[in-house]
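Chemist: Build me a model from this:
(2 chains)
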Amino acid sequence: MVSPDKIPEQTSLSWPIVGAVSVAGLRRRFARAMITMVGVVLAIAFLSYMLVSESLVKALIAAGNDELNILLQNMGVDIFGGGKTDEMTYLLIGLTLLTSLVGIVNAMLMAVTERVKEIGTLKCLGATDSFIVRAYFLESTIQGVCGSAIGMFLGLIVAVSVAIKSYGLYPLKLFPVTAILGALGISLVAGAVLSVLASILPAYAAARKQPVEALRVEE
Amino acid sequence: MARTIPPTSKKLASAFFFSLHGVLYLTIGAFHSVKRREVIIIFLRIDISPAAAAACLRQGESFKRKGLLKRWRGQLIFLRQGDFPVKQNEEDIVIRAIDVKRHYHGTGGVVTKALDGVNLDVFRGEYLSIMGPSGSGKSTLFNMIGGIDSPTEGMVFIDEIDVAQLDSYELAWLRCHKIGYIFQSYNILPVLTALENVTLPMIFAGNSPNEAREKGMDILKTVGLGDRALHRPFEMSGGQQQRVAVGRAIANDPVIILADEPTANLDVHTGEEIIDLLNRLRDDRGITIISATHDMKMLNVSDRILWIRDGKVQRLEKREDLDIQVGGIEGEDP
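Modeler: Numbering: from 1, shown residues only, chains lettered A, B, ... in the order given. I've put the predicted structure just below:
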């Protein structure tokens, strides 16, 4: 029997390897990772666009400029309602986020199925379940967080461009820095939470694979 | 005058001390049956600290090494008098399979008996080949011995460790430290260099990256790939990849190397080189090599050959008893 004190912890040193395995996995399946990421990018861009637009419009209304108020009313903004986004839009954003969540889960489960042999080999070499969980968790989290960051900036750029097109240079003059940083922060956090949630299932699916799979010969 | 203690009483006394050793164990019964020549001691665990548990485990391990204990894990301990005295070569047995059965339950209640009562002792430093047609249970037995599958019934001991008793973390430890695997299709991680592939198990074992790198370079030299350390698998031939796999298998100085058809994907020459390499490792490092194979060339270097059929051991032969002719091929090969 192996006495417990003879079994050393595996956690401390394996993080760099976890990172290497995850990044390597992403690099090798770069095209697929990109497609999954596009889903996240679009969903987060949508969220970020809506939030940034809302902050901009609010700032413009708050300025109380007559010329600007006419522009805003021409654009169909209810200046007395405070420029709030309606509930339907939030519902739509929610649905988009949900779709991208399902997208990541699906893509990662595929990745796990494709790499049973690799997982089996790692397990034969002495990787613990927790190592596998961490590697796959990290892989899909990297995907999600990168996608969120890109989406966040994409949304910002689109929202600002649209605002400039509609209201001239006013949005830049009255740029509500704090509110927009807040909006970007919310987008990024939403994206991160989303990708972490999406990683749980695939990571556990990966850890449950048996080392026997490594011996299977694929032709 | 010193009183001679009869052997059985001695064993009982040992067992008693074992139970005393963990004061936290409550012994609820000790039976000795003369007719069945076995001693059964039942411990009931009440409460135990990790340190006390570790001490008990160590004690148990030492008893088992001496052959005193056959099966134990706190709750249930079996001592068979028939197992005493300790056999001469007990220390040399690296794998012991006792009446191993593996049944698969298919649809409609059909039970497939992949293994049906296999007994096998593998000795330290020997080269054992497992032969058998496909579907014979060869792979199943191989997986049992490798600690990557557990038996439905029976026991498998790897270096005195009862595999069935281990949880997934302990199994990972066992695979990491005791066993080196070589696969038919190499299974080199494609994104890592040769050196990184070899150092990976050492990192899993808790070595520092520097230590691992140094040792990894030594191992690559041993397998004849010293100048290929930074190459990736796609830049290497099949034989070179298999060498990396051999290097990876010996990284943590395992007790056993399990090779599943290691030459099946290689040409005759390269296959022979791999066999020579394995043979050399067996001679130099005393590693036990177990291979499942169809390759007659491998039989030539094997100490023993296990033929398996329909889940049962058909026969177990020593090389001396075999008359294998593996000639003629070298001449034809360019």
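Chemist: what's the pLDDT at residue 104?
Modeler: I'll assume chain A. pLDDT, A:I104: 82.
Chemist: wrong chain, I was asking about chain B
Modeler: 85.
Chemist: so what's it up against?
Modeler: Counting by Cβ atoms under 8 Å, 6 or more residues apart in numbering or on different chains, B:Y104 touches B:V111, B:T112, B:A114. All C-beta atoms are positioned from the backbone trio N, CA, C, and that covers glycine.
Chemist: for chain B, what's the longest helix?
Modeler: helix B:268-285 (DSSP state H).
Chemist: And chain A, by the same measure?
Modeler: Every helix in chain A considered (DSSP H), the longest is helix A:129-167.
Chemist: could I have stretch A:62-73 exported to PDB, CA atoms only?
Modeler: Extracted in PDB, the C-alpha atoms of stretch A:62-73 (Å, rounded to 0.1, in the frame of the first residue of the first chain):
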ATOM      1  CA  ALA A  62     -27.600  65.500 -19.700                       C
ATOM      2  CA  ALA A  63     -25.800  68.200 -21.600                       C
ATOM      3  CA  GLY A  64     -29.100  70.000 -22.200                       C
ATOM      4  CA  ASN A  65     -28.000  71.500 -25.500                       C
ATOM      5  CA  ASP A  66     -31.000  72.700 -27.600                       C
ATOM      6  CA  GLU A  67     -29.400  71.800 -31.000                       C
ATOM      7  CA  LEU A  68     -28.400  68.400 -29.600                       C
ATOM      8  CA  ASN A  69     -31.900  67.800 -28.200                       C
ATOM      9  CA  ILE A  70     -33.400  68.300 -31.700                       C
ATOM     10  CA  LEU A  71     -30.800  65.800 -33.100                       C
ATOM     11  CA  LEU A  72     -31.700  63.300 -30.400                       C
ATOM     12  CA  GLN A  73     -35.500  63.700 -31.000                       C
END
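Chemist: residues in contact with it?
Modeler: A:V57, A:L60, A:I61, A:I79, A:G83, A:S166, A:Y167, A:G168, A:Y170, A:L174.
Chemist: Mind doing that once more with 6 Å?
Modeler: A:L60, A:I79, A:Y167, A:Y170, A:L174 (Cβ atoms under 6 Å, 6 or more residues apart in numbering or on different chains).
Chemist: swap in stretch A:202-218?
Modeler: By Cβ under 6 Å, 6+ apart, stretch A:202-218 touches A:108-109, A:112, A:116-117, A:119-121, A:123-124, A:129, A:132-133, A:136-137, B:143, B:148-149, B:184-185, B:187, B:260.
Chemist: repeat for stretch B:128-146
Modeler: By Cβ under 6 Å, 6+ apart, stretch B:128-146 touches A:212, B:95, B:100, B:102, B:114-115, B:122, B:149, B:151, B:156, B:179, B:258, B:290-293, B:298-299, B:302, B:304-309, B:311.
Chemist: now A:L71: how far from A:V52?
Modeler: A:L71 is 18 Å from A:V52, where distance means Cβ to Cβ, to the nearest Å.
Chemist: Chain A contacts on the stretch 101-250 of chain B?
Modeler: For the stretch 101-250 of chain B, the residues in contact with chain A (Cβ under 6 Å from any Cβ of the partner chain) are B:143, B:148-149, B:161, B:168-170, B:172-173, B:175-176, B:181, B:184-185, B:187, B:191, B:200-201, B:203-204, B:206.
Chemist: Just the buried residues out of those residues, in PyMOL syntax.
Modeler: This is how PyMOL selects the buried members of these, with burial counted by 16 or more other Cβ atoms under 10 Å in any protein chain shown:
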select buried, chain B and resi 143+148+149+161+170+172+173+175+176+181+184+185+187+191+200+201+203+204+206
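Chemist: rewinding a little: list buried residues within the contacts of stretch B:128-146.
Modeler: A:212, B:95, B:100, B:102, B:114-115, B:122, B:149, B:151, B:156, B:179, B:258, B:290-293, B:298-299, B:302, B:304-308, B:311.
Chemist: Output those of the contacts of stretch A:62-73 also counted as contacts of chain B.
Modeler: Of those, not one also sits near chain B (Cβ under 6 Å from any Cβ).
Chemist: Out of the residues you listed, who's the most crowded?
Modeler: A:L60 (26 neighbours; other Cβ atoms under 10 Å in any protein chain shown).
Chemist: thinking again about what came up before, inside strands: which ones of the contacts of stretch A:202-218?
Modeler: B:D260 (DSSP state E).
Chemist: Show me the contacts of stretch A:202-218 that map onto helices.
Modeler: Short answer: the contacts of stretch A:202-218 in helices (DSSP H) are A:108-109, A:112, A:116-117, A:119-121, A:123-124, A:129, A:132-133, A:136-137, B:143.
Chemist: Between those residues, which sits nearest B:L316?
Modeler: B:N143 (19.2 Å; Cβ to Cβ).
Chemist: Quickly note the distance from the closest one to B:K101.
Modeler: Counting by Cβ to Cβ - B:N143 and B:K101 are separated by 14 Å.
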